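[1] I need the structure of the sequence given here:
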Amino acid sequence: MKLICLIAFALSSTLAFAGHPAADRVVDVFESVSQLLNKPDSTVKRGLCDLFERNLEKSSIATGLLGKYASSSDTRGVKAFRQELVSFMVSKTLPEFSKLNGGSYSVSNNVSNRSGGGFAVSVTVRTGAGKSYSGKVILNSNLLLKDVEYWGFSGVNYAGQKMREKIDKFARQSSTPVTAFVNDMRKDKNYVSCR
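    Modelled structure (predicted):
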């Protein structure tokens, strides 16, 4: 009798939680973003700050974005960037999320394993304007989002390359280029402070 109860419980649990935990996490994030997009602007910004704070693998993203500057002698600037990472991410993604309003998404339950115990979850996003994009959300073993891939290219690497080009310009004029970049970033009119 205990065996039948255990089998019935296992089957009911499997049916109740049909998706892979990594796919479920991605769905949760997309649902949260979708719900936020229908709120007032200040609520959207605060909500994205909270969502990113809880769901991003901040250390590896910051290191990936900073690249060679992650071990810079400008330690105050590196520390400041790491502290401002969520603000940076919200500021960069908010305009993209606004394009999703009126759109839709689908998340595949076919999850592939990544080295280091992480996962890749296939997603398709359709914008309100009807454009469709397919890619992968990369999560670490703790189900924190650490990257997105589009056409096989890393979003963190791409954004990091663009960011480092800006830091390189500051490096020509300053011995603390990361600090200069962070200060400049904070002055941008579209900057969203999550702190």
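
[2] Please count neighbours and contacts with C-alpha atoms only from this point.
    OK.

[3] got a list of contacts for the longest strand anywhere in the chain?
    Criterion DSSP state E: the longest strand present in the chain is strand 104-114. Outside strand 104-114, the residues that touch it by C-alpha atoms under 8 Å, 6 or more residues apart in numbering are 19-20, 22-23, 26-27, 30, 119-128.

[4] show me where pLDDT drops low in the protein?
    By pLDDT under 70, the weakly predicted segments of the chain are 1-18.

[5] And the helices in it?
    With DSSP state H, the ranges of helices along the chain come out as 2-16, 21-36, 41-55, 58-66, 75-83, 85-98, 155-171, 177-187.

[6] In JSON lines: those helices, plus mean neighbour count.
    Converted to JSON lines, these look like this (neighbours: other C-alpha atoms under 10 Å):
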{"stretch": "helix 2-16", "mean neighbour count": "11"}
{"stretch": "helix 21-36", "mean neighbour count": "18"}
{"stretch": "helix 41-55", "mean neighbour count": "17"}
{"stretch": "helix 58-66", "mean neighbour count": "20"}
{"stretch": "helix 75-83", "mean neighbour count": "18"}
{"stretch": "helix 85-98", "mean neighbour count": "19"}
{"stretch": "helix 155-171", "mean neighbour count": "16"}
{"stretch": "helix 177-187", "mean neighbour count": "19"}
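
[7] want to try a markdown table for those helices, with distance to residue 104 as columns?
    Below are the helices of the chain laid out as a markdown table (distance: least, C-alpha to C-alpha, whole Å):
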| stretch | distance to residue 104 |
| --- | --- |
| helix 2-16 | 24 |
| helix 21-36 | 9 |
| helix 41-55 | 18 |
| helix 58-66 | 26 |
| helix 75-83 | 32 |
| helix 85-98 | 11 |
| helix 155-171 | 21 |
| helix 177-187 | 31 |
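
[8] of all the ones you listed, which lies closest to residue 193?
    Taking C-alpha to C-alpha, helix 85-98 is the member of the helices of the chain nearest to residue 193, at 5.2 Å.
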